[in-house]
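# give me a 3D structure for the following:
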Amino acid sequence: MELSLSQEQIKPRLEHVARLAHNVYRAYMTSVSKLSLPYDSLDPHTKESLLDGVVSVLVGAVKSPQQSHENWLRFKADAGWIYGEELDRERKQHPCICSFDNLPITERVKDYLFVFSVQAANQMYEDILAERAASAPEGS
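Alright, predicted model coming up:
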């Protein structure tokens with residue numbers, strides 16, 4: 001991520017990248033006949049997890065789908081989540097709290113889509129910023 005951006009420029013950028021990554025996830029979940037909420041309907045913990053994942057990819061701490069899952073596992077463990085056969089938000093149990101290799105293929109695909117969509121969205125932002133800088137009048 002370009003470090004010369006101001007804090008007020010970074011937050012909306014992260015939010016836009018997170019929203020795009022979530023929409024890719026939603027499209028995929030729809031294709032495999034699973035329900036996924038729109039970004040604006042996500043609970044605060046899920047949004048925080050998503051933003052944590054975005055930042056981790058953008059700063060280079062996460063470079064692979066496996067690392068993305070490990071990052072998510074850490075985030076969940078830090079929040080007190082444990083393995084459970086079914087998702088239970090009240091008990092903080094999740095069936096994906098396991099190694100990447102033990103995830104069902106549909107869940108592994110989500111990690112691939114997440115990493116690559118975050119990288120693609122960030123590249124789009126970089127390209128837009130470069131175009132704006134190139135077309136800005138001198139001295140602005």
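# so which elements touch the strand or helix carrying Gln9?
Following DSSP states H and E, one finds Gln9 within helix 7-31. Packing partners of helix 7-31 (3 or more Cβ pairs under 8 Å, 6 or more residues apart in numbering; DSSP states H and E): helix 44-58, helix 105-135. The C-beta positions use only the backbone N, C-alpha and C, and glycine is treated the same way.
# other residues contacting that helix?
Residues from elsewhere that reach helix 7-31 (Cβ atoms under 8 Å, 6 or more residues apart in numbering): 1, 5, 35-39, 42, 47, 50-51, 53-55, 58, 109-110, 113-114, 117-118, 121-122, 125.
# check stretch 74-92 too.
By Cβ under 8 Å, 6+ apart, stretch 74-92 touches Asp43, His45, Ser49, Asp52, Gly53, Gln93, His94, Pro95, Ile97, Cys98.
# ok, and the most crowded of the residues you listed?
Compared across the contacts of stretch 74-92, Gly53 has the highest neighbour count, 23 neighbours, by other Cβ atoms under 10 Å.
# and the helices and strands packed on helix 7-31, which is most packed in?
Stretch with highest mean neighbour count among the helices and strands packed on helix 7-31: helix 44-58 (a mean of 18; mean count of other Cβ atoms under 10 Å).
# quick one: distance of the helix or strand just after it to the chain centre.
Later in the chain than helix 44-58, the nearest helix or strand by DSSP H and E is helix 65-78. Helix 65-78 has its C-alpha centroid displaced from the chain centroid by 11 Å (Cα atoms, centre = their mean, to the nearest Å).
# pairing partners for the helix or strand that comes right after helix 65-78, with directions?
Following helix 65-78 in sequence order, the next helix or strand is strand 82-83 (DSSP H and E). Its sheet considered, strand 82-83 pairs with strand 93-94 (parallel) by DSSP bridges.
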